[in-house]
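Q: have a look at this prediction, sequence included:
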Amino acid sequence: MTRIRSTALLLLALLPVTVFGQPQQVIQLKNGSSVKGEIINQDETKLLVRTEYGTLEIPKTNVLSIGYGEALTPATETTQNVTQAASASIPQSTQRDAISQGTALLAGGLDFNGVVGSDVAAVTANYTLASFVARHVALGLDGTAVYGPIGDYFGGSLTMIPTATLMLGGANSSVYGYTSLGIGLLLVGIGDVSAAGYEAKLALGVVPMLNACSRHIGVPVELSLKTGGADVALGIAMKLAGFLF
């Protein structure tokens with residue numbers, strides 16, 4: 001009888017471990033909140049934690065410490081902290097926005113240019129191909145293209161301008177402001193005559209985002225100052241832009 005009683009006591013002592021698993025871990029986050037649960041998987045960038053609210057994925061960059069016992073924050077804040085932790089644990093890929101590193105920008109539209117001090121003016125098609133190498137900073141190719149009748153001839157021009165762009169705004173802003181600067185190649189052909197030169201461009205613009213339709217689509221409006229030597233041209237452009245992230 002004594003042996004049976006001892007065995008029963010031993011089984012009862014082991015019950016919390018066998019039924020409920022190891023003591024819960026406490027993941028303290030850098031934003032001051034904490035998550036209680038069991039780390040069921042991890043890799044170099046994230047933790048997968050099973051909690052009473054479900055399974056959370058927490059980036060390791062958000063983690064301050066991992067231990068056992070009670071959380072460092074008051075129990076009355078548990079629900080709020082779990083909500084904050086769940087928000088913090090959203091994978092980085094879903095937190096990205098239009099100006100995040102790695103976002104690609106494709107845009108095109110119309111550009112009206114007038115040479116200062118003359119009556120020379122033209123409407124051209126514009127294009128932008130760029131990639132954000134860091135948040136707010138994009139490098140790419142900007143330019144214009146036109147082809148059509150010029151007097152008794154057909155001709156056209158093409159500019160290809162490597163451009164650096166600084167685009168400012170908060171996370172998922174409804175409007176971004178930007179400035180860009182570039183210098184590149186200008187190709188002109190009229191009839192049988194062709195020539196090559198350079199064009200430098202400084203631009204200021206805003207990008208209202210069509211958030212009601214998509215976080216990935218914007219409508220840039222841009223003022224520009226261009227020079228290809230002795231001539232200086234002022235331009236205004238409108239585009240439709242797609243942000244791929």
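A: Good, I have the coordinates. Numbers count the residues shown, from 1 in each chain.

Q: C-alpha from now on. contacts and neighbour counts both.
A: Noted.

Q: what residue is smack in the middle of the chain?
A: Centroid-nearest residue in the chain: residue 100, 2.2 Å away (criterion: C-alpha atoms, centre = their mean).

Q: can you give me the domain assignment for the chain?
A: 2-94, 104-244 (automatic domain parsing).

Q: now do the buried residues in the helix or strand containing residue 203.
A: Residue 203 is part of strand 193-208 when elements are defined by DSSP states H and E. Burial within strand 193-208, assessed by neighbour count using 16 or more other C-alpha atoms under 10 Å, is assigned to 199, 200, 201, 202, 203, 204, 205, 206, 207, 208.

Q: what of stretch 182-196?
A: 182, 183, 184, 185, 186, 187, 188, 189, 190.

Q: output that stretch as PDB - backbone C-alpha positions only.
A: Presented in PDB, the C-alpha positions along stretch 182-196 are these (Å, rounded to 0.1, in the frame of the first residue of the first chain):
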ATOM      1  CA  GLY A 182      20.300  63.000 -62.300                       C
ATOM      2  CA  ILE A 183      22.500  63.400 -65.300                       C
ATOM      3  CA  GLY A 184      22.400  61.200 -68.400                       C
ATOM      4  CA  LEU A 185      22.300  60.700 -72.100                       C
ATOM      5  CA  LEU A 186      20.200  62.600 -74.700                       C
ATOM      6  CA  LEU A 187      19.700  61.100 -78.100                       C
ATOM      7  CA  VAL A 188      18.000  63.200 -80.900                       C
ATOM      8  CA  GLY A 189      17.100  62.200 -84.400                       C
ATOM      9  CA  ILE A 190      15.400  64.300 -87.100                       C
ATOM     10  CA  GLY A 191      15.200  62.800 -90.600                       C
ATOM     11  CA  ASP A 192      18.700  61.400 -91.400                       C
ATOM     12  CA  VAL A 193      20.400  63.600 -88.800                       C
ATOM     13  CA  SER A 194      21.100  62.300 -85.400                       C
ATOM     14  CA  ALA A 195      23.100  63.700 -82.400                       C
ATOM     15  CA  ALA A 196      23.900  62.800 -78.900                       C
END
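
Q: give me the mean pLDDT for that stretch.
A: What stretch 182-196 shows for mean pLDDT is 80.

Q: what's the answer for stretch 145-161, then?
A: On average, stretch 145-161 scores 73.

Q: give the contact list for the closest residue in space to the residue nearest to the centre of the chain that isn't next to it in sequence.
A: Of all residues not flanking residue 100 in the chain, residue 135 sits nearest, at 4.7 Å (C-alpha to C-alpha, 6 or more residues apart in numbering). When contacts are counted by C-alpha atoms under 8 Å, 6 or more residues apart in numbering, residue 135 touches 99, 100, 101.

Q: is the second one in a helix, a strand, or coil?
A: This points to residue 100. The three-state label given to residue 100 by DSSP: H, G, I helix; E, B strand; the rest coil is coil.

Q: surely it touches residue 134?
A: Yes: the pair residue 100 and residue 134 qualifies as a contact (C-alpha atoms under 8 Å) at a distance of 6.9 Å.

Q: do a quick rundown of the helices in this protein.
A: Along the chain, counting by DSSP state H, helices occupy 2-20, 78-88, 92-95.

Q: now do the closest residue in space to residue 107 that isn't next to it in sequence against residue 116, distance only.
A: Excluding its sequence neighbours, the residue lying closest to residue 107 (C-alpha to C-alpha, 6+ apart) is residue 241, at 4.1 Å. Counting by C-alpha to C-alpha, to the nearest Å, the gap from residue 241 to residue 116 is 28 Å.

Q: comparing those two, which shows the higher neighbour count?
A: Taking other C-alpha atoms under 10 Å, residue 241 and residue 116 do not tie; residue 241 has more neighbours (21 against 12).

Q: for the more buried one, give me the pLDDT.
A: Confidence score, pLDDT, at residue 241: 97.
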